[in-house]
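no sequence on hand, only this structure:
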């Protein structure tokens with residue numbers, strides 16, 4: 001009987017480990033509550049590592065040694081596979097390459113409304129040489145202050161936005177700052193009036209009026225809380241649909257890791273035709289939320305993605321601003337025109 005129970009326990013643990021490690025195989029990557037669990041790959045590695053140590057300790061007890069060693073083997077495999085996933089996606093690079101005449105730098109930062117000061121946002125954007133700045137949870141009033149501060153620092157920007165409602169709640173607003181060097185832009189009417197947009201908090205689609213700048217989508221998907229799972233899945237599909245064309249950059253708070261984006265990519269893309277720049281440049285496993293967690297224990301839910309018209313050449317997640325007030329870290333990516 002003990003042997004049968006041991007086999008059953010080992011099989012159940014193996015299935016659980018497989019589901020957590022490879023949820024897309026079981027088509028569960030966007031199902032509650034697994035979607036929340038798999039956001040934290042670093043913690044999954046640590047959890048299976050702890051299980052491995054406990055199982056090895058119990059292996060010293062002769063009557064349950066075989067069961068304990070079987071569980072240890074399952075935990076070891078899970079640790080190795082999940083650690084390999086984290087390593088493949090990238091555990092952090094701290095610098096960007098030198099800008100060229102054809103490069104664009106994109107910064108995205110969920111500022112948590114008034115929690116982050118306009119001066120801090122402006123100084124960071126200027127220091128990083130950002131040409132495009134997407135700011136979920138930032139009102140146009142704050143975005144205007146950031147643009148003025150950046151102008152005073154020698155880097156002028158145009159401010160655009162969308163909002164749901166008019167109560168001034170920052171989560172109902174998303175602001176984009178775009179350098180005049182990229183030409184004139186206007187936010188589409190569909191994203192302004194919400195007829196084509198994310199479900200609960202707004203995204204903004206900025207189209208170039210002149211020049212050859214990219215279409216810029218400032219993304220903000222709703223968080224996958226239990227009562228908002230359908231809205232969250234809708235938002236990810238909507239964002240994927242925005243990346244069906246050419247010369248497109250998506251940047252913002254997706255409230256999703258690339259695990260959640262499985263099966264939403266086309267033509268080799270991560271989401272639609274867009275590829276995740278942080279993954280391609282060594283920062284794909286670095287957590288951008290929450291700032292209270294170490295970077296490799298957090299969830300990489302803020303992204304910059306671009307169609308193949310753009311080649312990512314570098315990225316950085318700024319951990320030096322964890323005390324700036326918000327609960328997200330800024331992500332900056334450098335892109336070069338392909339070809």
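Thanks, I have it. Everything numeric in this text was worked out from a predicted model, so none of it was measured. Residues are numbered from 1 along each chain as shown.

residue 177 against residue 125, yeah?
Yes - using C-beta atoms under 8 Å, residue 177 is in contact with residue 125, at 7.2 Å. Heads up, the C-betas are built off the backbone N, CA and C, glycines and all.

need the residues touching each of the two.
Shared contacts of residue 177 and residue 125 (C-beta atoms under 8 Å, 6 or more residues apart in numbering): 133, 146, 150, 157.

can you give me the buried ones in the longest helix anywhere in the chain?
Using DSSP state H, we find that the single longest helix of the chain is helix 65-89. Residues 67-72, 74-79, 81-83, 85-86, 89 are the ones in helix 65-89 that count as buried (16 or more other C-beta atoms under 10 Å).

report all helices and strands that the strand or helix carrying residue 145 contacts.
Under the criterion of DSSP states H and E, residue 145 resides in helix 140-152. Applying 3 or more C-beta pairs under 8 Å, 6 or more residues apart in numbering; DSSP states H and E, we find helix 140-152 packed against helix 118-127, strand 132-136, strand 158-163, strand 173-178.

burial count for the spatially closest residue to residue 40 that is not a sequence neighbour?
Residue nearest to residue 40 in three dimensions, not counting chain neighbours: residue 299, with 5.5 Å by C-beta to C-beta, 6 or more residues apart in numbering. Residues contacting residue 299 under the criterion other C-beta atoms under 10 Å number 20.

in the sheet, who's paired with residue 299?
Applying DSSP bridges to residue 299 gives these bridge partners: residue 289.

that one and residue 39 touch, don't they?
Yes - using C-beta under 8 Å, residue 299 is in contact with residue 39, at 4.0 Å.

overlap of the contact sets of these two?
Residues touching both residue 299 and residue 39 (C-beta under 8 Å, 6+ apart): residue 257.

of the shared contacts of residue 177 and residue 125 - the most surrounded one?
Compared across the shared contacts of residue 177 and residue 125, residue 133 has the highest neighbour count, 31 neighbours, by other C-beta under 10 Å.

OK, contacts around the residue nearest to that one when sequence neighbours are not counted?
Using C-beta to C-beta, 6+ apart and skipping residues adjacent in sequence, the residue nearest residue 133 is residue 177, 4.1 Å away. Residues in contact with residue 177 (C-beta under 8 Å, 6+ apart) are 125, 130, 132-133, 135, 143, 146-147, 150, 157-160.

one more time with 6 Å, if that's ok
Counting by C-beta atoms under 6 Å, 6 or more residues apart in numbering, residue 177 touches 133, 147, 157, 159.

and the second one, how many neighbours?
Think residue 147. Residues near residue 147, counting by other C-beta under 10 Å, number 25.

that one touches residue 155, doesn't it?
No - contact criterion C-beta atoms under 6 Å: residue 147 and residue 155 do not qualify, at 9.6 Å.

and residue 266, what pLDDT?
In this model, residue 266 is scored at 96, pLDDT.

just the contacts of residue 177 now: which is nearest residue 258?
Comparing these against residue 258 with C-beta to C-beta places residue 133 closest, at 22.5 Å.

hmm, residue 187 is touching residue 160, no?
Yes - assessed by C-beta under 6 Å, residue 187 is found in contact with residue 160 at 4.9 Å.

mutual contacts of those two, please.
Residues touching both residue 187 and residue 160 (C-beta under 6 Å, 6+ apart): residue 206.

the more surrounded of the two?
Ranked by neighbour count (other C-beta under 10 Å), residue 187 and residue 160 place residue 160 first, with 22 against 18.

what pLDDT is listed against that one?
97.

which ones are touching it?
Counting by C-beta under 6 Å, 6+ apart, the residues that residue 160 touches are 176, 187, 206.

how much space separates the residue nearest to residue 40 from residue 164?
Using C-beta to C-beta, to the nearest Å, residue 299 is found at 24 Å from residue 164.
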